[in-house]
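Undergrad: mind looking at a prediction? Sequence and model below.
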Amino acid sequence: MLTCILLLASLLITPVQGDQFEVVAVLRTVDSGSRMITAFANGRDRTLLVAAEAQILDESGQTLKDGLNSKQLVEGLNVSLTVQRGDRAPTILVLQIGKKPSPIPTGTAQAGKPTTGLQPLNEMSATDRYQGEEGGLYGAGSNEPSPQLAVAAAEAAAAIVPRDETGRPAANGKIGLISISMSNATQEFSRFKQLADRDPQKSPAVQIVDCAQGGQTMARWADPNGNCWREAARRLNAADVSPEQVQAAWIKLANAGPNGDLQSHGRQLERDTREVLKNAKKTFPNLQVAFLSSRIYAGYATTRLNPEPYAYEGGFVVRGLIKAQVQGDDDLNDRDTEGEVKAPLLLWGPYLWADGVSARKADGLKWEADDFGNDGTHPSESGRQKVALQLLQFFKTDAHSKTWFLQTAVGRD
């Protein structure tokens, strides 16, 4: 067990966004076994939890060997922390050796840029390449499901019907549509709920419940006993929607403080998301489809929370998961004819990334600095509205959601 000192000397705190902040500190005590840190700030001791997926970095921004057990973490060491406020205790997302919250290192990620020069995945062709990856949301330059996947998607969509609280089909039942993800997602999905609930075309059977929560990344949802699942259950209960009525989910893939190349951080994001999908299917037995999305543009990011190119590269992780399921990955099996069902069917939700102010060809989507808060990562009011409108348009027009999302569809012969 390593014990160090954490004294928030002059308490230099920089707000990041809403429930997160950065602070300059001096080490006092770190219990690597329990991942708990005690801190003295403003005349009193404080307790901080180091998140399981927290980034422990050296002065150059590289992963610190041995993490919290590193011999470099000595008494009196200056560090900078990115902290997530929580219900129980503040949680450290990033700990880096150094006196000040350091900028994103050149060559590893990009900050404060209106464009990156990266090509949206849905505009890449079958011959285009990014780190060996071809274009198209579904691969081979295609943005539409393969014929095989389209058939499976149609079957899954047909199984989404109003159900009573026990999960039996019922004319006066409910179709639960939920979100699973972190702070960006809850800000965006809650706005989508406002728009959708006012839309006269939405089926009254569709009950939208925002289960996404601040700080709850894929790594957090991967724990079946995590607090995020208990909070999701509380929100569903408050909305009078049972777990058996939840039949569709929007899951936005992201982890805090990613590091390394696509193969490195992408594998971790994929592993975590696999667990999230399996947990979701166990929790919601009638969950038919998980609509997956990667993040919005992050070129304006001023912190390590999730800058470019990590936001962009998340799209390849989404595609990889969908491909794996289509290819018969047992860990993601969604067909009862193939053995134990472990996951819902995976499809793309709305693809939200565009290269900053460079408008996408198909729909003109672009991301300007005003679409983000002070940290350049979380959406501002205009940013939330953009994502909410993308979500509403998607669920109203996608072939595998409009059949149950729209009022004229539910109750059809």
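TA: That came through, no problem.
Undergrad: in the longest strand seen in the chain, which residues are buried?
TA: Using DSSP state E to define each element, the chain has its longest strand at strand 44-57. Under the neighbour-count criterion of 16 or more other Cβ atoms under 10 Å, strand 44-57 has 48, 49, 50, 51, 53, 54, 55, 56, 57 buried. No exception for glycine: its C-beta is placed from N, CA and C like everyone else's.
Undergrad: which non-adjacent residue is nearest the fourth one?
TA: Leaving out its chain neighbours, the residue that sits closest to residue 51 by Cβ to Cβ, 6 or more residues apart in numbering is residue 91, at 5.1 Å.
Undergrad: and that neighbour, how many neighbours?
TA: 21 (other Cβ atoms under 10 Å).
Undergrad: wait, it touches residue 49, no?
TA: Yes - in this structure residue 91 lies within contact range of residue 49 using Cβ atoms under 8 Å: 4.8 Å.
Undergrad: report the beta-bridge partner residues of residue 180.
TA: Taking DSSP bridges as the rule, residue 180 bridges to residue 251.
Undergrad: residues touching it, list them.
TA: 211, 212, 221, 232, 249, 250, 251, 252, 276, 280 (Cβ atoms under 8 Å, 6 or more residues apart in numbering).
Undergrad: out of these, flag the one nearest to residue 113.
TA: In terms of Cβ to Cβ, no member of these lies closer to residue 113 than residue 252, at 22.2 Å.
Undergrad: can you tell me the element the closest residue to residue 133 other than its chain neighbours falls in?
TA: Computed as Cβ to Cβ, 6+ apart, the closest residue to residue 133 that is not its neighbour in sequence is residue 316, at 5.2 Å. For residue 316, the host element (DSSP states H and E) is helix 310-326.
Undergrad: related to what we said a few turns ago, and the pLDDT at the residue nearest to residue 51?
TA: pLDDT, residue 91: 86.
Undergrad: list phi and psi for it.
TA: With angles defined as degrees, to the nearest 10, residue 91 sits at phi -120, psi 130.
Undergrad: again, but for residue 67
TA: Dihedral angles of residue 67 (phi, psi; degrees, to the nearest 10) stand at phi 50, psi -130.
Undergrad: one step back: can you list the buried residues of strand 44-57 in CSV and add pLDDT and distance to residue 339?
TA: Formatted as CSV, the buried residues of strand 44-57 follow (pLDDT from 0 to 100; distance: Cβ to Cβ, whole Å):
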residue, pLDDT, distance to residue 339
48, 83, 44
49, 86, 38
50, 88, 39
51, 86, 35
53, 80, 31
54, 84, 36
55, 85, 37
56, 87, 40
57, 88, 42
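Undergrad: can you count the residues close to the residue nearest to residue 133?
TA: 20.
Undergrad: now residue 77
TA: Neighbour tally, residue 77, other Cβ under 10 Å: 17.
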